[in-house]
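Participant: Sequence first, predicted model second:
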Protein chains: 2
Amino acid sequence: MKLGIVIFPSKKLQDEANSYRKRYDPNYSLIPPHLTLKPSFHASEDQIEQLTVILDEISNRFEPFQIKSTKFSSFKPVNNVIYFKFEASEVLEELQKVINDNISGDMPEYAFVPHITIGQELSNDEHSDVYGSLRMNQFNYEETVDRFHLLYQLENGSWTVYETFRLGKE
Amino acid sequence: MKLGIVIFPSKKLQDEANSYRKRYDPNYSLIPPHLTLKPSFHASEDQIEQLTVILDEISNRFEPFQIKSTKFSSFKPVNNVIYFKFEASEVLEELQKVINDNISGDMPEYAFVPHITIGQELSNDEHSDVYGSLRMNQFNYEETVDRFHLLYQLENGSWTVYETFRLGKE
């Protein structure tokens, strides 16, 4: 089965992201707004229990930490993805690295850029229009991350949560 | 915010349920297939942490248990809902009762009928057609429940998992 590991931001930030995703993200109905720690990878149903042991152990080693976003950004020219960009955070980067180092599967294709996608699969014209109107917006979303989730994908492309891992919980 | 407590069945059963929900359930894209333990109730963001303490304590008192479904059923004439009917299970009933007794909020309007909805808001004609063609189907879905989830609803009506509670995990 296909698995993924993500952080769901606060309800407030999810609602805000969805107000854009509704129009600009074809994955809008498949998964709530999220910050990806490990993109989708394959594992058998037998392996999932072993994964939860590893992730539980990792989550105990980290304390809750802050994330902060003040602007939109885009991955263009790599791809036409628009997202909430998060400021560099040593703890978040360490968490992402430890998870990817300890769980087999393909290594991430790109360097880790903490983000929440709000638009993707946009044509060049759409991207230019939407990003042009959003890029000057400034805001200040700051919140505490105290958990992450292991998800699996159903046959229709949607994702179900398998388990939650609380940071710093023994 | 609006919260709910559910069991997600196995991926296999979710995929099976979605093959019907896609056509017959307007909530198809808002939440994965689920067995409701406590229907949506209101709580403030401050109360959610206290809820997780109660649910954690409850989950420790229960061991994983089996659920079994062999047929479709319908809530008609109360409403035009078609569902996978689950056989009576003392443990499941006890779990549902303990959760509802320990968490404030409206008491359930109806007696607990363990089910996974596969169609709802059907017209009388649709209900008659669909249920007529499904009701003779027999199957044998039997699986282990070893966790439940606390969810919250976003402004667009979709649900995000807040936390997972493993049965029997200390």
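Facilitator: That came through, no problem. These figures come from a predicted structure and were not determined experimentally.
Participant: And what about the residue located most distally from the centre of chain A, helix, strand or coil?
Facilitator: The C-alpha centroid of chain A is most remote from A:D125, which lies 25.7 Å away (C-alpha atoms, centre = their mean). At A:D125 the chain is in helix, as set by DSSP: H, G, I helix; E, B strand; the rest coil.
Participant: ok, now which ones touch it?
Facilitator: By C-beta atoms under 8 Å, 6 or more residues apart in numbering or on different chains, the contact list for A:D125 is empty. The way it works is simple: take the backbone N, C-alpha and C, and place the C-beta from them, glycine included.
Participant: How much space separates it from A:Y131?
Facilitator: 11 Å (C-beta to C-beta, to the nearest Å).
Participant: From A:D146, how far out is the residue farthest from the centre of chain A?
Facilitator: Going from A:D125 to A:D146 by C-beta to C-beta gives 40 Å.
Participant: Same question for A:V113.
Facilitator: For A:V113, the distance to A:D146 - C-beta to C-beta - is 22 Å.
Participant: go on, A:P77?
Facilitator: 36 Å.
Participant: the strands in chain A, which residues?
Facilitator: Under the criterion DSSP state E, chain A contains strands at A:2-7, A:35-42, A:65-74, A:82-86, A:115-119, A:141-145, A:147-153, A:159-166.
Participant: residues contacting A:A88?
Facilitator: Counting by C-beta under 8 Å, 6+ apart, the residues that A:A88 touches are A:P114.
Participant: and if you look at A:F65?
Facilitator: Counting by C-beta under 8 Å, 6+ apart, A:F65 has contacts A:89, A:91-92, A:144-145, A:167.
Participant: cool, and A:E143?
Facilitator: A:E143 makes contacts with A:9-10, A:13, A:66-67, as judged by C-beta under 8 Å, 6+ apart.
Participant: farthest pair in these?
Facilitator: A:L13 and A:Q66 (13.1 Å; C-beta to C-beta).
Participant: of these two, who's got more company?
Facilitator: A:L13 (19 against 12; other C-beta atoms under 10 Å in any protein chain shown).
Participant: got a pLDDT number for the residue nearest to the more buried one when sequence neighbours are not counted?
Facilitator: Spatially, and ignoring its direct neighbours in sequence, A:L13 is nearest to A:Y141 (5.5 Å; C-beta to C-beta, 6 or more residues apart in numbering or on different chains). With respect to pLDDT, A:Y141 scores 96.
Participant: Can you tell me who A:Y141 pairs with across the strands?
Facilitator: Counting by DSSP bridges, A:Y141 forms beta bridges with A:S69.
Participant: Tell me, how many residues neighbour A:L122?
Facilitator: 21.
Participant: Can you pull the phi and psi angles for it?
Facilitator: Main-chain torsions, A:L122, degrees, to the nearest 10: phi -90, psi 150.
Participant: got the contact list for it?
Facilitator: Counted by C-beta under 8 Å, 6+ apart, A:L122 has contacts A:24, A:80, A:82, A:130.
Participant: and of these, the nearest to chain B?
Facilitator: A:Y24 (14.1 Å; C-beta to the nearest C-beta).
Participant: if I read this right, that closest one contacts A:S123, doesn't it?
Facilitator: No: at 11.1 Å, A:Y24 and A:S123 do not qualify as touching, with contact defined as C-beta atoms under 8 Å.
Participant: Could I get the average pLDDT for the longest helix along chain A?
Facilitator: Scanning chain A for the helix with the most residues, using DSSP state H, yields helix A:45-61. Mean pLDDT, helix A:45-61: 94.
Participant: Look up how far A:G132 lies from the residue farthest from the centre of chain A.
Facilitator: Using C-beta to C-beta, A:D125 is found at 10 Å from A:G132.
Participant: for A:E45, same thing?
Facilitator: Counting by C-beta to C-beta - A:E45 and A:G132 are separated by 46 Å.
Participant: ok, now A:L3?
Facilitator: As judged by C-beta to C-beta, A:L3 and A:G132 stand 36 Å apart.
Participant: how about low-confidence regions in chain A?
Facilitator: A:105-108, A:169-170 (pLDDT under 70).
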